[in-house]
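**Student:** Mind folding the following:
(3 chains)
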Amino acid sequence: MYGGVNLKASLFVTCIADMMYADVGKSVVQVLRRNGVELDFPEGQTCCGQPAFSSGYYKETAIVAKKMIEVFENSEKVVIPSGSCAAMIHHGYPILFENDPKWKKRAEEFVAKTYEFSQFIVDILGITDVGATFNKKVTYHSSCHMSRILGVEEQPKILLKNVKGIDFVELPFAYDCCGFGGTFSMKMADISGAIVEEKVDNIISTGAEVLAGSDLTCLMNIGGRLSRRGIPIKVMHLAQVLDQGGGKNAY
Amino acid sequence: MAQGVLTGNREAFFSTIRQNIKTPPGGKAPRVENPMNGLFTQRETNAQERRELRERFIHEWTTLGGKAFSIKNRTELGQTIKQIIQERQLQRVMRWDHPELEKLKLEDIFSDTQASLSRWPLEKNYSDWIGKAAAMEAGIVWGDMVMAETGTLVLPAASPGQPASISVLPLTLIAIFTTAQLVDGFSAVVKSFKERFGTDLPTTTTFISGPSRTTDIEMVLTIGVHGSRFVYALILDEET
Amino acid sequence: MHIEPSFRKRYHKALSDTAMLKAVKNGTGRLRGQRATAVEAVGAERWMEFRNRAEAIRMHVIQHLDQYLEQLIDNVLKKGGHVCLAKTGEEAVQYISELAKKKNAKSILKSKSMVSEEIHLNPALEKQGCKVIESDLGEWIIQLAGETPSHIIAPAMHKNRFQVADLFNAVSEEKIPTEIADLCGYARKYLREKFLGIDIGITGCNFALADSGAITLCTNEGNARIISALSPTLVTIMGMERILPGLEELTVMLSLLARSATGQKLTVYNTLSTGVRKEEELDGPQEFHLVIVDNGRSRQLGTKYEKILNCIRCGSCLNACPVYRNIGGHAYGWVYPGPIGAVLSPLYQGMDKYGELAYATTLCGACTFACPVKIPLHDMLYALRNDKVELEKTGELAEDIAYKGWSATFASMSRYRFSIRMARRFQFPLVKAEKIAFGPPPISDWLKHRDMPALPNKFFHEIWPEMNKDRKE
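**Tutor:** Predicted structure coming up:
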């Protein structure tokens, strides 16, 4: 509860969670509802526009970004379980519309009410312990856009450390990139492979059973490498840990 | 001093620059007033504080690979210099022509050692002095100002008797100064330079923080490529 | 030296050079670790203040570049130094070559100058019979190897001691052991001899001070000092943006430079030289020439890339970059590697030649956060890509089509849902055990090193209605 009344928020689940990790979306919803949020899901949502933006296609990105701004027009708050998507909205949307005063204003309003998942729980709900239990050794990868571009670093770790029974271990070079970089992972696959290998070696060195993260593209990347190497470390989104369990798509 | 010559099309060179520079909507970035403000230690020190700075300097200098000695009196000065001559097997040493070094009567100390002490200049002509200077095994300078926080000797070539070559060439560098020369860091140095030189800086001013070093091969630290390998700081008490 | 024109070929070669990669990982690991320790010692807040101040100083200077350069030139000329304004690299090379000819210079010693690499100075001087020797140990090593520097601060980072010993033994009369101390000892001996016979000394310029006409040289070895003290004729080559108003601004920069580059509080030797020696002085140059080089820099003024001129060449962006750490410096193909190189090379040398470098990044932002003068490097990489697509319209056709298709699809809920349902239905030939087992590029590129999950039976928007079924309003 939030001041006696449930806090209203809209879920922007992200295209990758929608398409590939429905269980993560489910955990996000369950965790938020359990902690006093009245969550809705505006149906018109698709994608924040990162793929096109990162490749330099600003015009094409703007077409979709405008749609998203419209879809969430009536939302009081927007929660998005992805650091990079939140960073795209915060950092990228103002750039997209910097020469369009009308849309610039609408973008700024959208930015002002959009929060990354862990940021929302800790900073808006004021909750640092969601009441989860998870008796595993867990380490955490700090995604680049979330920490450097969005500036959200401590919130996910605070939430993890407060999970009952969790054995939280720091990841060496946690802030180093996982090597995804969007289309970079395919265009320069061999360099990307070298970078993710470093990340995976660091994860293995912690002795963790589970790798947690807040960005599904990072997790898909790291999880994909772990799987290819046959390493049985489970990969989970923060929401899944906070929901006390793993999802079907975790490797 | 005769004016230097400018080559190239000054008009064209600058017109390109001026054409391209744009004033952004909020105006151009203003000059930073007081660029050092709040970033560096700024204070006047008393003798006791300077003795503390001496300890700080010794710590920094030693960490950098140098050796430092706190000298109580003239006897100790003599002993320390003889120790260094012995340690480094010195035979030829050159020194700055500096009033403070004059006062120390270093020639007397050297007179009953195996080492000779020559005062700059060694010879008038470059072709004569370069060979001699290159053969010198140690150079003695006076620490004009000394920055404790970074372990740095400030050596302006403020007069012809204080050439860079003395600190630059030999394998061993000996810097002598008193605690009165010690400051925290850049703030005091900049203040002093402004007062003494304004924008008319000496031909060379060097800030030396320890012995010459490199990590160019495999990132392994090696001391003493090109510049001094052995650096000694002899710190006299200012009330001596 | 021939540089392979394809970035892809260059980086593939790099990825298979395990000795080089080991050295680069070791080198960058140390440097960024040392930097982190130094930053911690300063304190995060004060470090932030330092960076903000440095950014403000550099931005002001760059936006008033004409003013400060005019002041610098007047002061240098007043003190008897000569100035050459070189709009292009060729003009600079010509000036210095003619000077060398006039002085009948046989032995030329250099301290580090990245600009001199930009303009290919050494080959031009060698062609007219001058012996040019690099005095910085790392630069001398790569000179002997016939290579270009692979790191801004540690030019020979990619080499190990055995390779260095081979290079030294090729020029030495006695055999030198592979111990690093012995190798350095040899370098000292060999180069000391050369220092004593300098005809012309050539240095770079870390910072020129406009108000006093002084140039600042920062080295750990002391080679630049020796050159500036012993050269009868001293030439300093300066990128036109390497300028500060005066001594106060310099102290801010020096404090950031050393810590960012290697974690030191200050570089061992910081020398301020005003050029020509006074009449009564015996050492110091009799002639001083300041060569101010444009070579593409003025083109960045007034553009969204203007802040790239803030750069103080500390190299910390290289050490922070996961791409640089995994491919080394030579793969970048020009003088400047790493993130700074990925932006400078296309800007200075053209998108057609170096545009690929704008894609050699995961856009992780580590470079921007390491930069002591707060250059928004990763934003510039985004901007370069945008320029390629929208300004120069040289985006790849396949990508143009793909993203047009993407925006048409994702701008409409129904088109989006239809597309992904179709993808799910027709993915089955590619799927094995709930993973995508193979596929055409770009899927095949992903699959080279990683597994990929198949599209699942239910999308989130399909399970949402069930989650909402029993909820009371």
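**Student:** in stretch B:50-60, what's buried?
**Tutor:** B:50, B:51, B:53, B:54, B:56, B:57, B:58, B:60 (16 or more other C-beta atoms under 10 Å in any protein chain shown). C-beta coordinates here come from the backbone N, C-alpha and C atoms, glycine included.
**Student:** helices or strands up against the host helix or strand of the first one?
**Tutor:** Residue B:50 is part of helix B:47-63 when elements are defined by DSSP states H and E. Taking 3 or more C-beta pairs under 8 Å, 6 or more residues apart in numbering or on different chains; DSSP states H and E as contact, the helices and strands that helix B:47-63 lies on are strand B:67-71, strand B:182-183, strand B:230-236.
**Student:** chain center to that helix, what's the gap?
**Tutor:** For helix B:47-63, the gap between its own C-alpha mean and the chain's C-alpha mean amounts to 16 Å (C-alpha atoms, centre = their mean, to the nearest Å).
**Student:** Show me what the mean pLDDT comes to for that helix.
**Tutor:** For helix B:47-63, the per-residue pLDDT values average out at 97.
**Student:** Look up how far residue A:27 lies from the residue lying closest to residue B:109 once chain neighbours are set aside.
**Tutor:** For residue B:109, the nearest residue in space outside its immediate sequence neighbours is residue B:78; the separation is 4.7 Å by C-beta to C-beta, 6 or more residues apart in numbering or on different chains. Counting by C-beta to C-beta, to the nearest Å, the gap between residue B:78 and residue A:27 amounts to 79 Å.
**Student:** what about the two, which has more around it?
**Tutor:** Neighbours of residue B:78 and residue A:27, each counted by other C-beta atoms under 10 Å in any protein chain shown, are more numerous for residue A:27; the result is 26 against 19.
**Student:** Now that one: phi and psi?
**Tutor:** phi -60, psi -40 (degrees, to the nearest 10).
**Student:** same thing with residue C:289?
**Tutor:** Note on residue C:289: backbone dihedrals following degrees, to the nearest 10 are phi -130, psi 120.
**Student:** hey, what's it bridged with?
**Tutor:** When assigned by DSSP bridges, residue C:289 has beta-bridge partners residue C:82, residue C:235.
**Student:** I figured it hits residue C:81, correct?
**Tutor:** Yes - applying C-beta atoms under 8 Å as the test, residue C:289 and residue C:81 come out as touching, 7.0 Å apart.
**Student:** before we move on, which element is the residue nearest the centre of chain C in?
**Tutor:** Nearest to the mean C-alpha position of chain C, counting by C-alpha atoms, centre = their mean, stands residue C:336 at 3.6 Å. When secondary structure is defined using DSSP H and E, no element contains residue C:336, which sits outside every helix and strand.
**Student:** Check the stretch 201-350 of chain C for the residue nearest chain B and tell me.
**Tutor:** Scanning the stretch 201-350 of chain C for proximity to chain B using C-beta to the nearest C-beta identifies residue C:222 as nearest, at 2.6 Å.
**Student:** residue contacts, that residue?
**Tutor:** By C-beta atoms under 8 Å, 6 or more residues apart in numbering or on different chains, the residues touching residue C:222 are B:168, B:212, B:225, B:226, B:227, B:228, C:268, C:269.
**Student:** same question, residue C:160
**Tutor:** Per C-beta under 8 Å, 6+ apart, neighbours of residue C:160: B:218, C:19, C:23.
**Student:** Nearest to residue B:206 among these?
**Tutor:** Nearest to residue B:206, judged by C-beta to C-beta, of those is residue B:218 at 28.4 Å.
**Student:** Quick check: residue B:2 touching residue C:81?
**Tutor:** No - taking C-beta under 8 Å as the contact criterion, residue B:2 and residue C:81 are not neighbours in contact, 10.7 Å apart.
**Student:** who's more crowded, the two?
**Tutor:** Regarding residue B:2 and residue C:81, a neighbour count based on other C-beta under 10 Å identifies residue C:81 as having more, with 26 against 7.
**Student:** Please read off the pLDDT at that one from the model.
**Tutor:** Taken from the predicted model, the pLDDT recorded for residue C:81 is 97.
**Student:** go on, residue A:248?
**Tutor:** We have a pLDDT of 36 for residue A:248.
**Student:** How many residues are close by residue C:54?
**Tutor:** When neighbours are defined as other C-beta under 10 Å, residue C:54 has 26 of them.
**Student:** just residue C:331 next, same as before
**Tutor:** 27.
**Student:** thought it was touching residue C:9?
**Tutor:** No - counting by C-beta under 8 Å, no contact exists between residue C:331 and residue C:9, whose distance comes to 9.3 Å.
**Student:** Now do the helix holding residue B:50 against strand B:230-236, angle only.
**Tutor:** Between the axis of helix B:47-63 and that of strand B:230-236 there is an angle of 170 degrees, by axes from the mean of the first three to the mean of the last three C-alpha atoms, to 10 degrees.
**Student:** So for residue C:328, what's the nearest residue that isn't a sequence neighbour?
**Tutor:** residue C:24 is the one closest to residue C:328 (C-beta to C-beta, 6+ apart), at 4.5 Å.
**Student:** The one you found contacts residue C:156, correct?
**Tutor:** No - checked against C-beta under 8 Å, the pair residue C:24 and residue C:156 is beyond contact range at 11.1 Å.
**Student:** Nearest to the middle of chain B, which residue? Look it up for me.
**Tutor:** Nearest residue to the geometric centre of chain B (C-alpha atoms, centre = their mean): residue B:155, 3.1 Å.
**Student:** Looks to me like that one is in a strand.
**Tutor:** Yes - when the secondary structure is assigned by DSSP: H, G, I helix; E, B strand; the rest coil, residue B:155 falls within a strand.
**Student:** Might you report the residue contacts of it?
**Tutor:** By C-beta under 8 Å, 6+ apart, the contact set of residue B:155 is B:141, B:143, B:144, B:162, B:164, B:167, B:205, B:206, B:207, B:208.
**Student:** ok, the third one - how many residues close by?
**Tutor:** It refers to residue B:144. Neighbour number of residue B:144 under other C-beta under 10 Å is 23.
**Student:** Dihedrals phi and psi, the residue nearest to residue C:118 when sequence neighbours are not counted?
**Tutor:** On the basis of C-beta to C-beta, 6+ apart, the spatially nearest residue to residue C:118 that is not a chain neighbour turns out to be residue C:335, at 5.2 Å. Comment: the main-chain dihedrals of residue C:335 come out as phi -70, psi -40, following degrees, to the nearest 10.
**Student:** Could you report the separation of residue C:335 from residue C:295?
**Tutor:** As it turns out, when the distance is counted by C-beta to C-beta, residue C:335 lies 11 Å from residue C:295.
**Student:** Now for those two: what residues contact both?
**Tutor:** Overlap between the neighbourhoods of residue C:335 and residue C:295 consists of residue C:118, taking contacts as C-beta under 8 Å, 6+ apart.
**Student:** Please enumerate the strands of the chain.
**Tutor:** Picked chain A for this. Counting by DSSP state E, the segments of chain A that form strands are A:7-11, A:37-40, A:78-80, A:114-116, A:137-141, A:167-168, A:210-213, A:234-237.
**Student:** Switch to chain B, please.
**Tutor:** Ranges of strands in chain B, per DSSP E, are B:6-7, B:67-71, B:92-95, B:116-119, B:138-142, B:145-147, B:152-156, B:172-178, B:182-183, B:204-208, B:213-214, B:222-223, B:230-236.
**Student:** Before I go, just wanted to say thanks for your time.
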